[in-house]
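Just the structure for this:
(one chain, ligands or ions: 2)
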Amino acid sequence: MAYQDMISTPFAVIKKQAEILDENDTLQTYKRLFALPENCVYLDGNSLGALPICAKQRAIDVVEQQWGRDLITSWNKHQWIDLPTKVGEKIARLIGAAKGQTICCDSISVNLFKLVCAALAMQPGRNVVLSQTDNFPTDLYMVQGIEQLLGQQCCTLKTVPADELVSGLNEDVAVLLLTQVNYRTGYIHDMEKITKLAHEKGIIVIWDLAHSAGVLDLKLDQCAVDFAVGCTYKYLNGGPGAPGFMYVAKRHQPVLKQPLSGWMGHSNPFEFTAEFVAKNNVEQCLTGTPTIISMSILDAALDVFDEVSMLEVAKKSQKLTDFFMTGMSTLKLDSIFECISPQKSAHRGSQVALNHPYSYAICQALIAQNVIADFRAPDTLRLGFAPLYVSYADVATALLKLAEIVQTKAYLRAEFNQQSKVT
Ligand SMILES: Cc1ncc(COP(=O)(O)O)c(C=O)c1O
Ligand SMILES: Nc1c(O)cccc1C(=O)C[C@H](N)C(=O)O
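Ligands and ions are numbered 1, 2, ... in the order given. Next comes the predicted model:
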């Protein structure tokens, strides 16, 4: 029997299930707020979020009206100067942080530099920054840079596999630097439990929320988190290169000393004095002039979340990935790929990662069919499920296309095997 005939019945069942799930989806109306291309199944919001329509309108306004017409008066007239704080507070609501602890600025890499240095300075007698071997590389690279700058007696990076993190918490460790959701597998660390265990050993914890913010129901204050960083171009839909954010718990703000002491972190930047005096709040984490155009776009993009319950978003994320994984098994795709994402939805971020020797080419073949996913070397196909604009029907389409590509071996075609620069 032809494969198409073999899967037509199970696929019809999956399609019907998707219809029912979409009808009952409390977030289904949000898809309309995004300018997605027609017939495109976008499963890469874990790398670059889709474009909210209101963000597009704001981009035009900030360029044509604010910059074009009002020129430099916009710093006051359109409150450009307040954007890092205003946007930071919008993000705060989504990560479970009370006011005055979150600021929008720079990138994760730069913000990590500030916070790792500041945390090390708060831990005299300790020099180890403990992290996970398979953390996103930039987090490790930044600590390696600090190690070079300060010398190993002040900063020594130690990396261990995930299952050795807890036993690695000891009195030498100054800082535990962890990404809550693993960028490759999607495994979620228990933020509350790990933060508590680290605190029991006097360790400061810095969480990277790149794959958590805008998709998990985060409770930073409740988990007594010390510091966190995150990006806004993934699930927060701020656009390519959108600025990152930093969270500094209130209790640490009086003693925090971050090394990138630029004028925007000065207590009175427009007095232009020669000596640096830091602001006494989270704004001390600012360094230079905010990236007004992208921060304005982000400001608008965050309005999409105004009425959204993060609990609902997190629940849909689990249901989407569950539906995908069940569909994989119904279509017998689970024997073709090795799924490296956790089987239990509670441990899984909003993505599914599949290993296959031809995953790069399979990813390209999917993209050619308008199902956008990504590839992580050496052999991982990653599919991200952003709950605000991915429907269950999208998941069903992705499953069907994946099944077809694998069965017809379309991925062997030369055009799908030419590596590109950004994957
Ligand atoms: C976990 C994690 N940290 C950091 C980054 C990147 O940081 P930056 O904003 O500095 O590019 C990414 C992805 O780009 C990531 O997945
Ligand atoms: N930030 C990115 C970029 O500037 C170009 C391409 C991809 C990205 C990413 O965000 C990668 C992403 N953090 C990942 O999890 O792989």
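
Which residue, other than its chain neighbours, is closest to the residue in the stretch 51-200 of the chain positioned nearest to ligand 2?
Ligand 2 sits closest to residue 183 of the stretch 51-200 of the chain, with a gap of 3.6 Å, by Cβ to the nearest ligand atom. In short, each C-beta sits where N, CA and C put it, glycine included. Spatial nearest neighbour of residue 183, chain neighbours left out: residue 136 (4.7 Å); criterion: Cβ to Cβ, 6 or more residues apart in numbering.

Tell me the helix or strand right after the worst-scoring helix or strand of the chain on mean pLDDT.
The least trusted helix or strand in the chain, going by mean pLDDT, DSSP states H and E, turns out to be helix 3-23, with a mean of 89. Per DSSP states H and E, helix 3-23 leads on to strand 41-42 as the next helix or strand towards the C-terminus.

name the helices or strands packed onto that next one?
Packing partners of strand 41-42 (3 or more Cβ pairs under 8 Å, 6 or more residues apart in numbering; DSSP states H and E): strand 371-372, helix 392-408.

what lines up beside that strand in the sheet?
The strands beside strand 41-42 in its sheet (DSSP bridges) come out as strand 371-372 (parallel).

and the partner strand, what's its mean pLDDT?
Mean pLDDT, strand 371-372: 98.

anything in it sitting right up against ligand 2?
No. Counting by Cβ under 6 Å from any ligand atom, ligand 2 has no neighbours in strand 371-372; the shortest distance is 12.7 Å.

Between helix 392-408 and the least confident helix or strand of the chain, find me the angle.
160 degrees (axes from the mean of the first three to the mean of the last three Cα atoms, to 10 degrees).

residues in contact with the residue of the stretch 151-300 of the chain found nearest ligand 1?
Per Cβ to the nearest ligand atom, residue 210 is where the stretch 151-300 of the chain lies closest to ligand 1, at 3.5 Å. In this structure, residue 210 makes contact with 108, 136, 179, 181, 183, 230-231, 234, judged by Cβ atoms under 8 Å, 6 or more residues apart in numbering.

Looking at neighbours, which among these is most surrounded?
Neighbour counts for the contacts of residue 210 peak at residue 230, which has 29 neighbours (criterion: other Cβ atoms under 10 Å).

Please name the bridge partners of that one.
residue 245.

Contacts only, for it.
91, 95, 108, 208-210, 212-213, 244-245, 247.

coming back round to it: filter the contacts of residue 210 down to the ones in strands?
Among those, the members falling in strands (DSSP state E) are 179, 230.

Make a markdown table from the contacts of residue 210 and add pLDDT and distance to ligand 1 to it.
Output for the contacts of residue 210, formatted as a markdown table (pLDDT from 0 to 100; distance: Cβ to the nearest ligand atom, whole Å):
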| residue | pLDDT | distance to ligand 1 |
| --- | --- | --- |
| 108 | 98 | 3 |
| 136 | 98 | 3 |
| 179 | 98 | 4 |
| 181 | 98 | 8 |
| 183 | 98 | 4 |
| 230 | 98 | 8 |
| 231 | 98 | 4 |
| 234 | 98 | 8 |
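
what about the residue nearest to residue 386 when sequence neighbours are not counted, neighbour count?
Counting by Cβ to Cβ, 6+ apart, residue 386 lies nearest to residue 45, which is 3.1 Å off, once chain neighbours are set aside. For residue 45, the count of nearby residues is 26 (other Cβ under 10 Å).

all numbers from here: first residue = 57
Yes, from this point I'll number from 57; that puts the last item at residue 101.

ok, back up a step: residue 175 versus the residue nearest to residue 239, what's the distance?
Distance from residue 192 to residue 175, counting by Cβ to Cβ, to the nearest Å: 18 Å.
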